[in-house]
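# Any chance you can model this:
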Amino acid sequence: MLPVKKVSKAAKRRRRSHHAMSVPNLVDCPKCGKAKLPHVSCGSCGYVSAKVMLPTGDEAT
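The predicted model follows:
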């Protein structure tokens, strides 16, 4: 089916005004100080909490 009326450029852009990307919220890792996402393990040191440390691919086993 075809649209009944053409949607103007202004109306289309006004509707899409909330579709912009947002900047992710970053926090500092308490162990190494690098930026990481909250509630996610640190990508550089693997720190999650005081009880949990995840291994990273940097260490040789």
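
# C-alpha only now, for contacts and for neighbours.
Will do.

# Run through the helices of this protein in chain order.
Remark: helices assigned in the chain by DSSP state H are 9-15.

# got any ranges where it has weak pLDDT?
Along the chain, the model assigns pLDDT under 70 to residues 57-61.

# Look up how far Lys36 lies from the residue nearest in space to the middle of the chain.
By Cα atoms, centre = their mean, the chain has its centre lying nearest to Pro24, at 4.3 Å. Per Cα to Cα, to the nearest Å, Pro24 is found 10 Å from Lys36.

# swap in Val27?
Val27 is 6 Å from Lys36, where distance means Cα to Cα.

# Comparing these two, which shows the higher neighbour count?
More crowded of Val27 and Lys36, by other Cα atoms under 10 Å: Lys36, with 17 against 13.

# Please name the residues that touch that one.
26-29, 42-43 (Cα atoms under 8 Å, 6 or more residues apart in numbering).

# Next, the buried residues of stretch 12-21.
Within stretch 12-21, no residue counts as buried by 16 or more other Cα atoms under 10 Å.

# Just the buried residues of stretch 21-41, please?
Quick answer for stretch 21-41 (16+ other Cα under 10 Å): 29, 36, 41.

# Would you format these as a markdown table with distance to Ala50 included?
Output for these, formatted as a markdown table (distance: Cα to Cα, whole Å):
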| residue | distance to Ala50 |
| --- | --- |
| Cys29 | 12 |
| Lys36 | 16 |
| Ser41 | 12 |
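
# Narrow the residues you listed to those in strands?
Those of the buried residues of stretch 21-41 mapping onto strands are Lys36, per DSSP state E.

# Can you tell me which of the buried residues of stretch 21-41 is closest to Ser17?
The closest of the buried residues of stretch 21-41 to Ser17 turns out to be Lys36 (Cα to Cα; 28.4 Å).

# picking up where we left off before, which one of the buried residues of stretch 21-41 sits closest to His18?
Distance to His18, by Cα to Cα, is smallest for Lys36 among the buried residues of stretch 21-41, at 25.7 Å.
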